[in-house]
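Visitor: output the structure for:
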Amino acid sequence: MYVCDNCGQESSKWLGKCPSCGQWNTFKEIRIKAASPLPLPDIGRKESSPIPLSEIRADEEPRMDMHDEELNRVLGGGLVPGSLVLLGGEPGIGKSTLILQTVLRLSDKKVLYVSGEESARQLKLRAERLKAHSQPLPGEGGSERMTTSLDVPPRGGAGEGLLVVCDTSLENIFQHIEAEHPDLVVIDSIQTVSTETVESSPGSLSQIRECAAALLKHAKSGGPSTILIGHINKEGTIAGPKVLEHIVDTVLQFEGDQHYLYRILRAQKNRFGSTSELGIYEMRADGLRPVANPSELLLTDNQDGLSGIAIAAAIEGVRPFLIETQALVSTAAYGTAQRSANGFDYRRLNMLLAVLEKRVGFKLAQKDVFLNIAGGLRVTDPAIDLGVIAAILSSNVDTAIEADTALCGEVGLSGEIRPVSRIEQRVAEAQKLGFKRILIPAANLKAINPHDFHITITPCRRVEDAFRALFG
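Guide: Residues are numbered from 1 along each chain as shown. From the prediction side, this is the model:
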């Protein structure tokens, strides 16, 4: 059989272009072996029959507290029993560290950690690096499949123990689950797990699909909740690729720049909560620390008198925070102007530059423009448009913006400043961090009461109004 490795479309013959997703040269040949189904345990399995919707019970099940406010928020309030969660991210970004430090805190739960990439001793060393107190592992030797107990209590409490097994066989993993009856199973990673019913190497499309489907069937039939750790391919998406995301209940993306300290946890798919939530972590020597107020970390204190810096009030998910937009405008050295943007959409930057030139009259066609979002974050909120063009103009005229001024607003093609969502949260965040003034769209002024805030609110209808308020 030929299967598209982008969307999972099956075909009996090779096709150059996938009729489902439209991608070229994505069909791969897989061998199918007629064999008995996977030896899944018969846990609570019943014969299915149609029943009326009104007779189905939908009681709210208690979620598992992960003892991590950021992770609980992204999951929608905690881990749902019997769910299958996929965590993806680039190599070395901190996926295994995040999961290991999380399960170490689960003192009242029994966790089975299946490692296909690291040995038990490597996990032990990582646990010690996370400042967890543990007992030494047994001596060297033994078979490749070794089950040990880290007995690592969380910080501030005595734990029941974390079970670790180094195995890559799906059939053996199910045997360990039936023998230990854990509350949570962690598979690190799904690309290393294989089953004997498929004749292909571990990490191939057929192996990933069959193993993930078997784990999902086991979780939905009364088994424990399962967390899968997935790899990222060179295109930046979860390897598998979309086949794996369709199977699981929740897809979490762990992203960030390895040269910066901050990591962002996003929910790309969540059947039990919102996908607009966002978790921010700071990478430290003792693990990942949740960041409760990211605005204080993303802003610098030495920006007085520096041009090309503007503070924008952004919202990622449901959390408001202030970010520092930095711009540098200089004369093009080689005749052709360069455009560069880090953490911001490059095409939107070109649109904003065209608005400045066409609607406001600033000649930037023969000038290089470089834009950077400080902290290594990537922001997609259109409300930072006003902060971006303010930073560009500040660098162009070499005039600094007052350090106690924040901005928010979406810029339209005609130069108008369009209203943004959740304006009260943005103004409150700027006030909490000590800003004296904030520029907002004039259309948002009717949605708030300026007397409720101890910060000067300056409404702006067009880009020219914002520039007069900033530079006089």
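Visitor: drop to CA atoms for contacts and neighbour counts, all remaining ones
Guide: Will do.
Visitor: lowest-pLDDT helix or strand in the protein?
Guide: Least confident helix or strand, the chain: strand 147-149 with a mean of 52, by mean pLDDT, DSSP states H and E.
Visitor: pairing partners for whichever helix or strand comes after it, with directions?
Guide: Using DSSP states H and E, the helix or strand that follows strand 147-149 towards the C-terminus is strand 162-166. Each strand paired with strand 162-166, and its direction, by DSSP bridges: strand 111-115 (parallel), strand 147-149 (antiparallel).
Visitor: after strand 162-166, which helix or strand is next?
Guide: helix 170-180.
Visitor: what residues are bridge-paired with the residue lying closest to residue 382 once chain neighbours are set aside?
Guide: Leaving out its chain neighbours, the residue that sits closest to residue 382 by C-alpha to C-alpha, 6 or more residues apart in numbering is residue 410, at 5.4 Å. Taking DSSP bridges as the rule, residue 410 bridges to residue 418.
Visitor: how many residues are close by residue 410?
Guide: 19 (other C-alpha atoms under 10 Å).
Visitor: surely it meets residue 385?
Guide: Yes: using C-alpha atoms under 8 Å, residue 410 is in contact with residue 385, at 5.2 Å.
Visitor: in contact with the residue nearest to residue 382, which residues?
Guide: 382-386, 417-420 (C-alpha atoms under 8 Å, 6 or more residues apart in numbering).
Visitor: what does residue 169 give?
Guide: Residue 169 neighbours (C-alpha under 8 Å, 6+ apart): 193-196.
Visitor: check these for burial and list the buried ones.
Guide: Neighbour-count burial (16 or more other C-alpha atoms under 10 Å) applied to the contacts of residue 169 gives 193-195.
Visitor: closest one to residue 122 out of the residues you listed, please.
Guide: residue 193 (18.8 Å; C-alpha to C-alpha).
Visitor: you'd agree the closest one is up against residue 211?
Guide: Yes: between residue 193 and residue 211 there is a contact at 7.1 Å, judged by C-alpha under 8 Å.
Visitor: ok so, going back, export the buried ones among the contacts of residue 169 to JSON lines and tack on distance to residue 429, secondary structure and pLDDT?
Guide: Shown next, in JSON lines, are the buried ones among the contacts of residue 169 (distance: C-alpha to C-alpha, whole Å; DSSP: H, G, I helix; E, B strand; the rest coil; pLDDT from 0 to 100):
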{"residue": "193", "distance to residue 429": "46", "secondary structure": "coil", "pLDDT": "91"}
{"residue": "194", "distance to residue 429": "49", "secondary structure": "strand", "pLDDT": "90"}
{"residue": "195", "distance to residue 429": "51", "secondary structure": "coil", "pLDDT": "90"}
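Visitor: could you measure from residue 27 over to residue 244?
Guide: Using C-alpha to C-alpha, to the nearest Å, residue 27 is found at 16 Å from residue 244.
Visitor: what's the answer for residue 69, then?
Guide: 27 Å.
Visitor: residue 103 versus the closest residue to residue 375 other than its chain neighbours, what's the distance?
Guide: In space, residue 375 comes closest to residue 298 once its chain neighbours are excluded; the distance is 5.8 Å by C-alpha to C-alpha, 6+ apart. Separation of residue 298 from residue 103 (C-alpha to C-alpha): 29 Å.
Visitor: one more: residue 110?
Guide: 9 Å.
Visitor: pull up the overlap in contacts between these two.
Guide: residue 162.
Visitor: out of the two, which sits in the more crowded spot?
Guide: residue 103 (24 against 19).
Visitor: low-confidence regions, the stretch 51-200 of the chain specifically.
Guide: 131-161 (pLDDT under 70).
Visitor: could you rerun that using 50?
Guide: Under the criterion pLDDT under 50, the flagged ranges of the stretch 51-200 of the chain are 132-146, 151-159.
Visitor: so which residues of it form helices?
Guide: 69-75, 95-103, 120-129, 170-180 (DSSP state H, counting those that start in this stretch).
Visitor: the strands in the stretch 201-350 of the chain, which residues?
Guide: 225-230, 250-255, 262-270, 278-284, 287-290, 309-316, 319-331, 339-342 (DSSP state E, counting those that start in this stretch).
Visitor: turn those strands into JSON lines, columns for mean neighbour count.
Guide: What follows is these, written out as JSON lines (neighbours: other C-alpha atoms under 10 Å):
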{"stretch": "strand 225-230", "mean neighbour count": "24"}
{"stretch": "strand 250-255", "mean neighbour count": "23"}
{"stretch": "strand 262-270", "mean neighbour count": "21"}
{"stretch": "strand 278-284", "mean neighbour count": "19"}
{"stretch": "strand 287-290", "mean neighbour count": "18"}
{"stretch": "strand 309-316", "mean neighbour count": "26"}
{"stretch": "strand 319-331", "mean neighbour count": "22"}
{"stretch": "strand 339-342", "mean neighbour count": "16"}
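Visitor: let's have those strands in JSON lines, adding mean pLDDT and distance to residue 452.
Guide: Formatted as JSON lines, these follow (pLDDT from 0 to 100; distance: least, C-alpha to C-alpha, whole Å):
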{"stretch": "strand 225-230", "mean pLDDT": "92", "distance to residue 452": "45"}
{"stretch": "strand 250-255", "mean pLDDT": "90", "distance to residue 452": "37"}
{"stretch": "strand 262-270", "mean pLDDT": "87", "distance to residue 452": "32"}
{"stretch": "strand 278-284", "mean pLDDT": "85", "distance to residue 452": "28"}
{"stretch": "strand 287-290", "mean pLDDT": "88", "distance to residue 452": "31"}
{"stretch": "strand 309-316", "mean pLDDT": "91", "distance to residue 452": "18"}
{"stretch": "strand 319-331", "mean pLDDT": "90", "distance to residue 452": "18"}
{"stretch": "strand 339-342", "mean pLDDT": "92", "distance to residue 452": "36"}
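Visitor: just checking, residue 83 touches residue 225?
Guide: Yes: assessed by C-alpha under 8 Å, residue 83 is found in contact with residue 225 at 5.0 Å.
Visitor: mutual contacts of those two, please.
Guide: Common neighbours of residue 83 and residue 225 (C-alpha under 8 Å, 6+ apart) are residue 219.
Visitor: and the strands of the stretch 201-350 of the chain: which comes nearest residue 97?
Guide: strand 287-290 (6.7 Å).
Visitor: tell me the domain ranges of this protein?
Guide: 1-30, 64-292, 296-471 (automatic domain parsing).
Visitor: in CSV, list these along with distance to residue 56.
Guide: Putting the domains of the chain into CSV (distance: least, C-alpha to C-alpha, whole Å) gives the following:
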stretch, distance to residue 56
domain 1-30, 32
domain 64-292, 16
domain 296-471, 32
